[in-house]
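**Student:** What shape does this take:
(one chain, ligands or ions: 1)
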Amino acid sequence: MKIKSISIFLMAAAVLSACSSGETPSGALKARLEVAASSGDILFGHQDALMYGHSWRAVPGDDLDRSDVKDVCGSHPAVLGFDLGGIELGDDCNLDGNPFSMIREAAVAHHERGGIVTFSWHPRNPLTGGDSWDVSSSAVVASVLEGGEKHELFMQWLSRCADFLASLKDSKGSPVPVIFRPWHEHTGSWFWWGRDLCSKEQYTGLWKMTYTYMTSDRGLDNLVWAYSPGAGVDAGGYMERYPGDDMVDILGLDCYQYGEAPESNAAYSSLLDSTLAFMTELGKAHGKTIALTETGFEGIPYGKWWTGVLYPAVKDYPVAYLLVWRNAWDRESHFYGPWKGTLSEEDFLEFVSCGDIVLLDE
Ligand code: BMA
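**Tutor:** Numbers count the residues shown, from 1 in each chain. I've put the predicted structure just below:
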C-alpha cells in the first residue's frame with residue numbers, strides 16, 4: 001500500500017516563503033492550501049478524528065494519537081475538523097461532548113505534527129435560546145446585528161469564540177493558523193442564519209460583523225476564512241450571499257450523499273461534479289482556493305464508495321482538501337469516515353493509494 005504523505009518540501013517552501021515575506025500565520029496556511037490545490041493533491045480530512053471514533057473515545061490525559069483513519073491505514077488525516085458549538089456560552093464541552101481543553105490540545109498537537117485544523121461553529125440560537133437548528137424565528141440574524149435586541153449578548157458570544165481561537169498557540173507561543181468556517185450551509189434553511197431566515201444584507205452583515213470583530217477588533221491573524229454554501233445551488237445561488245473577496249479565503253462546499261446505495265451514487269457524483277466545476281471557475285475568477293469542506297455518506301453503506309463514488313467526482317478538480325464528517329462513538333451508524341472492520345475499509349486503503357489523496361506524514 002502506498003500512502004502519499006504531505007509533500008513536506010513544497011509545503012515547507014510555501015510556509016517559509018510566506019513567513020520570510022513577513023506574512024501572517026494565516027498567510028502561511030493559505031499558501032500551503034494553494035500549493036496543495038495547484039499540485040493536484042487533495043488533503044484528506046475527518047471531523048473530530050483525534051477525540052473519538054466509532055465505539056472508542058479519548059479521555060483527558062490521553063496522548064491524542066489515535067484516530068479511526070490511523071487505525072485503518074497507519075496515518076492520521078491531514079486535516080482535522082472540530083466544532084466550536086457551546087464556546088459562546090462559556091461551556092466546558094462542545095455540543096458533542098468534547099472538552100474544549102482537549103480540542104485545543106488536539107488542534108495544537110495536530111498542527112505541530114504537520115497537519116491542518118479547521119473549525120466550524122454551531123452556536124445556540126441567541127434569540128430563542130434553542131440550538132443552531134432552531135428555525136422557529138426569522139428575526140434572529142436581525143436581532144444580533146448592530147441595533148438589534150441581542151447585539152450585546154452576541155458580541156459577548158463572539159468574544160468567547162475569539163478568546164478560544166486566540167488561545168491556539170504552539171509550544172513556542174506562536175499562533176496556530178486554522179481554517180474558520182462560520183455561518184455554513186446558509187443556502188439551505190436548517191440553521192437560524194439560513195436562506196429563508198434572513199435577507200441577503202442581514203447574512204452578509206452577520207459575516208462582516210464576525211470578520212471585523214475577529215480580525216480588526218481582536219487582531220486575530222491566524223484565521224483563514226472559508227465560505228461554505230450547501231450543495232444544490234447553481235453558481236448564481238452559490239455567490240448570492242458571498243460576503244466579498246476581502247473577507248473570504250476559501251470557496252467551500254458542504255455536499256452529502258443521501259438515499260440508498262448504489263441507487264443514489266450517480267446523483268451525488270453528478271451534483272459534486274457540476275458544483276465543483278463552477279467552483280473551479282469561481283476560484284480562478286476570485287483568486288480563491290476551493291475545498292470540499294464537508295462531505296460523506298452516513299454509515300457508508302456502499303463498499304466501494306471511496307474509489308467508486310467520491311474519488312471519481314473530485315479527482316479532476318483543484319480541491320485543496322476534503323473533509324468527511326464525524327464517526328460518532330456512541331451511535332452505531334452515524335459515521336462518515338472509515339474504521340477498522342467497516343464495510344468500506346479495504347476500499348479506503350485503495351482510495352488513499354490513488355496518488356492524490358494526502359494523509360499526515362509524521
Ligand atoms: C451533525 C450531527 C450531530 C452533531 C452536529 C455538530 O451533522 O453529527 O450529531 O451534533 O453535526 O457536530
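**Student:** Tell me which helix or strand comes right after the longest helix along the chain.
**Tutor:** Across the chain, the longest stretch assigned as helix under DSSP state H is helix 265-286. The first helix or strand that comes after helix 265-286 along the chain, using DSSP states H and E, is strand 289-297.
**Student:** Give the partner strands of that following strand in its sheet and their orientations.
**Tutor:** Within its sheet, and counting by DSSP bridges, strand 289-297 is paired with strand 250-257 (parallel), strand 319-324 (parallel).
**Student:** Among the ones you listed, single out whichever gets nearest to the ligand.
**Tutor:** Among these, the nearest to the ligand by C-beta to the nearest ligand atom is strand 250-257 (9.0 Å). Any C-beta I mention is one placed from the backbone N, CA and C, and that applies to glycine too.
**Student:** For the closest one, output the C-alpha coordinates as CSV.
**Tutor:** Taking Å, rounded to 0.1, in the frame of the first residue of the first chain, the C-alpha atoms of strand 250-257 are listed here in CSV:
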residue,chain,number,x,y,z
ILE,A,250,-11.6,29.6,0.6
LEU,A,251,-14.6,28.8,-1.5
GLY,A,252,-16.0,25.7,0.2
LEU,A,253,-18.9,23.3,-0.3
ASP,A,254,-20.8,21.1,2.0
CYS,A,255,-22.3,18.2,0.0
TYR,A,256,-23.6,14.9,1.3
GLN,A,257,-24.9,11.7,-0.3
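**Student:** and that strand, average pLDDT?
**Tutor:** The average pLDDT within strand 250-257 is 98.
**Student:** all strands for the stretch 151-300 of the chain, in order.
**Tutor:** 178-181, 223-227, 250-257, 289-297 (DSSP state E, counting those that start in this stretch).
**Student:** How about Trp305, nearest residue that isn't a chain neighbour?
**Tutor:** Of all residues not flanking Trp305 in the chain, Ser344 sits nearest, at 5.3 Å (C-beta to C-beta, 6 or more residues apart in numbering).
**Student:** if we can go back for a sec, comparing the strands paired with strand 289-297, which stretch has the densest surroundings?
**Tutor:** Among these, strand 319-324 has the highest mean neighbour count (mean count of other C-beta atoms under 10 Å), at a mean of 27.
**Student:** List of residues touching it?
**Tutor:** Residues from elsewhere that reach strand 319-324, judged by C-beta atoms under 8 Å, 6 or more residues apart in numbering: 33-34, 36-37, 41-47, 78-79, 81, 116, 118, 250, 276, 289-296, 310, 314, 336-337.
**Student:** shouldn't Leu153 be in contact with Pro126?
**Tutor:** Yes: at 5.7 Å, Leu153 and Pro126 qualify as touching, with contact defined as C-beta atoms under 8 Å.
**Student:** Comparing the two, which residue is more hemmed in?
**Tutor:** For Leu153 versus Pro126, neighbours defined as other C-beta atoms under 10 Å are more numerous around Pro126 (21 against 14).
**Student:** State the phi and psi torsions of that one.
**Tutor:** Torsion angles at Pro126 (phi, psi; degrees, to the nearest 10) stand at phi -70, psi -20.
**Student:** ok, now how distant is it from the ligand?
**Tutor:** 18 Å (C-beta to the nearest ligand atom, to the nearest Å).
**Student:** Model confidence score at that residue, please.
**Tutor:** Value for Pro126, per-residue pLDDT: 98.
**Student:** Burial check on the closest residue to it other than its chain neighbours, number of neighbours?
**Tutor:** Using C-beta to C-beta, 6+ apart and skipping residues adjacent in sequence, the residue nearest Pro126 is Lys150, 4.6 Å away. By other C-beta under 10 Å, 18 other residues sit near Lys150.
**Student:** What distance do you get for Lys150 to Pro243?
**Tutor:** 21 Å (C-beta to C-beta, to the nearest Å).
**Student:** can you check Ala78 too?
**Tutor:** Distance from Ala78 to Pro243, by C-beta to C-beta: 27 Å.
**Student:** Show me which of the two is the more surrounded one.
**Tutor:** Ala78 (28 against 18).
**Student:** Test my guess that the more buried one contacts Gly115.
**Tutor:** Yes: contact criterion C-beta under 8 Å: Ala78 and Gly115 qualify, at 5.6 Å.
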